[in-house]
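Enquirer: pasting the sequence and the predicted coordinates here, then a few questions.
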Amino acid sequence: MTARTRTISTTDTTGTATRTDTADTASTADGTDTADTAPRGDAPALVVVAHGSRDPRALGTVRALLDRIRTLRPALPVHLGHIELNEPLLPDTLTALGTGEAVLVPLLLSRGHHVKRDIPETAAVSRARTRVAAPLGPHPLLVDALHARLTEAGWPAHAGPDHAVVLASAGSRDPESSADTARTAAALSARLGVPVLPAYASAATPTVPEAVRALTDRGHRRVAVASCFTAPGRFATQCATAAPWIASEPLGTHPSMAHLLLHRYDRARGIGSASNAGEGVRGASPCASTAWARPATTRAALARQPHPAPA
């Protein structure tokens, strides 16, 4: 990702300059402008929807990521809601918004039950007027963050034929989740120029140890584990311990994550470049549309399917 500064001046009805703001913008490796400058006015709130974790480090990491978003776009109301395990829970966050407008951006890296069912159904029974954005992956900005974390862990600038990567993620029973993770792995492989195998902490195969063995059996002696997790937790720790060489840290507060959340927010509103509109959007959510969802008048039965919960 490359960053630059854009200066924006506003004027009142007499033509007198009233404010000058500086805001970061970002371009992905393929040149996509994430345009981290929202139109001033009554912009809908951004609600970042995190999973929740029993690991206390996770909540601190997510809150720090939201602070980074507020720095990038100071005029934008930014809120946090959790699916489970941590407060505030998403229903409470939406209740506090009343009948206001909000874009819900999942802090999740692929499609799956939470993105396709839990989040839109929770939004539908709230009074708020909502849109649900696509999950964060696949996207070039996600690959930027993964690459940067690997570099921090010791990945070389020029990898050799004995290098390879296992892309470790949480896992889901939803085949579309695995498909999204596979696309992210393919994009990271193209970036690094080495094989990248997706692997999972639960609910899907192969596991991280199985993927490591598959790569070592092919002759790769330098196998790294790329942590495709948004924050520290049991799954991230479990996958890192399986690394025979280096393991990257979770994506956390990397700048590309903040830019990506804002990009998904803007795309859900129909703002910004459409060059990546198809990435990770197909089947993302029944509420991911250009129309605001009407508040539901009755509470639907939320038939939840079993799913793994991070620690």
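Expert: The structure has been received and is ready for your questions. Just so it is clear, the structure is predicted and the values come from calculations on it, not from any experiment.

Enquirer: what sits closest to A43 if chain neighbours are left out?
Expert: Computed as Cβ to Cβ, 6 or more residues apart in numbering, the closest residue to A43 that is not its neighbour in sequence is L76, at 6.0 Å. Where you see a C-beta, it was placed from the backbone N, CA and C, and this is true even at glycine.

Enquirer: quick check: the one you found is in a strand.
Expert: No - assigned with DSSP: H, G, I helix; E, B strand; the rest coil, L76 falls outside any strand and is coil.

Enquirer: can you pull the phi/psi pair for it?
Expert: Main-chain torsions, L76, degrees, to the nearest 10: phi -90, psi 130.

Enquirer: next one: the one 4 residues further on
Expert: The main-chain torsion angles of L80 are listed as degrees, to the nearest 10 and equal phi -120, psi 140.

Enquirer: that one: neighbour count?
Expert: Neighbour count of L80, defined by other Cβ atoms under 10 Å: 20.

Enquirer: the residue nearest to A43: how many residues sit nearby?
Expert: If you count neighbours by other Cβ under 10 Å, L76 ends up with 19.

Enquirer: go ahead and confirm it touches V47.
Expert: No - between L76 and V47 there is no contact under Cβ atoms under 8 Å: 11.2 Å.

Enquirer: just to revisit the earlier point, per-residue confidence at the residue nearest to A43?
Expert: With respect to pLDDT, L76 scores 98.

Enquirer: in the one helix or strand A64 maps to, what's buried?
Expert: Per DSSP states H and E: A64 is located in helix 56-72. Neighbour counts over helix 56-72 (16 or more other Cβ atoms under 10 Å) mark A58, L59, T61, V62, L65, L66, R68, I69, L72 as buried.

Enquirer: out of the residues you listed, which comes closest to A157?
Expert: Closest approach between those and A157, by Cβ to Cβ: R68, at 26.4 Å.

Enquirer: surely that closest one touches G252?
Expert: No - in this structure, R68 is not within contact of G252 by Cβ under 8 Å, at 10.0 Å.

Enquirer: nearest residue to L109 in space, please, no chain neighbours.
Expert: Sequence neighbours aside, G137 is the residue nearest to L109 in space, at 4.2 Å (criterion: Cβ to Cβ, 6+ apart).

Enquirer: the helices in the stretch 151-300 of the chain, which residues?
Expert: 175-192, 208-217, 234-240, 255-268 (DSSP state H, counting those that start in this stretch).

Enquirer: so how far is the last one from its chain's centroid?
Expert: For helix 255-268, the separation from the chain centroid amounts to 8 Å (computed by Cα atoms, centre = their mean, to the nearest Å).

Enquirer: that one to helix 56-72, inter-axis angle?
Expert: When axes from the mean of the first three to the mean of the last three Cα atoms, to 10 degrees is applied, the directions of helix 255-268 and helix 56-72 differ by 60 degrees.

Enquirer: please apply the same query to the longest one.
Expert: Angle between the axes of helix 175-192 and helix 56-72 is 70 degrees (criterion: the same axes, to 10 degrees).

Enquirer: any buried residues in helix 175-192, and which?
Expert: Applying 16+ other Cβ under 10 Å to helix 175-192 flags 176-185, 187-189, 191-192 as buried.

Enquirer: just give the nearest non-adjacent residue to R222, would you?
Expert: H163 (4.5 Å).

Enquirer: what's the pLDDT at the one you found?
Expert: Listed pLDDT for H163 reads 98.

Enquirer: that one touches H220, doesn't it?
Expert: Yes - H163 is in contact with H220 according to Cβ under 8 Å; the separation is 6.6 Å.

Enquirer: find the residues that touch each one of those two.
Expert: Counting by Cβ atoms under 8 Å, 6 or more residues apart in numbering, H163 and H220 have no common neighbour.
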